[in-house]
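Trainee: Got a sequence here, can you build the structure:
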Amino acid sequence: MDNSHKCSSTTMDVSLRELRDRVDEFARVRGWDQYHSPRNLLLALVGEVGELSEIFQWKGEVDRGLPNWSDADKEHLEEELSDVLLYLVRLADVCGLDLGHAALTKITKNARKYPVNNSS
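Mentor: Okay, here's the model as predicted:
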């Protein structure tokens, strides 16, 4: 991939469409499309979820914001979360699904399934 897509160190909003297009380009220019079947991508995703789980495996409960984590531990977490996200986006794309739309639909379904309880 060329350097025109380098991210700055500042926070920026990134769309699922941009991630999808970038991952597609990344795989295409390397000739990896042939390996990106739904099954293979799912297995890779499961492997990455396992790596993500290892980070938390022996930590017990972790406070929001990770106040007691080192910068290196946070960076490792960012990398593993990114791997999971990118494989998920790629899997949805290869399956021909609109992940953003599906997620919004699921939130709406969950809101109906689990209505706000106003008695508390």
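Trainee: now for the one helix or strand Ala103 maps to, which elements pack on it?
Mentor: Taking DSSP states H and E as the criterion, the element that holds Ala103 is helix 99-113. Counting by 3 or more Cβ pairs under 8 Å, 6 or more residues apart in numbering; DSSP states H and E, the packing neighbours recorded for helix 99-113 are helix 16-29, helix 71-94. To be clear about C-beta, it is placed using only N, CA and C from the backbone, and glycine gets the same treatment.
Trainee: Nearest residue to the spatially most central residue of the chain in space, ignoring adjacent ones along the chain?
Mentor: Among the residues of the chain, Leu85 comes closest to the average C-alpha position under Cα atoms, centre = their mean, at 1.3 Å. In space, and not counting its chain neighbours, Leu85 is closest to Leu19: 7.2 Å by Cβ to Cβ, 6 or more residues apart in numbering.
Trainee: Below-threshold pLDDT in this protein: ranges please.
Mentor: Counting by pLDDT under 70, the chain contains low-confidence residues at 1-11, 118-120.
Trainee: Repeat the analysis, applying 80 as the threshold.
Mentor: Applying pLDDT under 80 to the chain picks out residues 1-12, 118-120.
Trainee: Which secondary structure element is home to Asn40?
Mentor: Taking DSSP H and E as the criterion, Asn40 maps to helix 38-56.
Trainee: now that helix, how far from the centre of its chain.
Mentor: Put simply, helix 38-56 sits 11 Å off its chain's centre (Cα atoms, centre = their mean, to the nearest Å).
Trainee: what's the angle from it to helix 16-29?
Mentor: Inter-element angle recorded for helix 38-56 and helix 16-29: 110 degrees (by axes from the mean of the first three to the mean of the last three Cα atoms, to 10 degrees).
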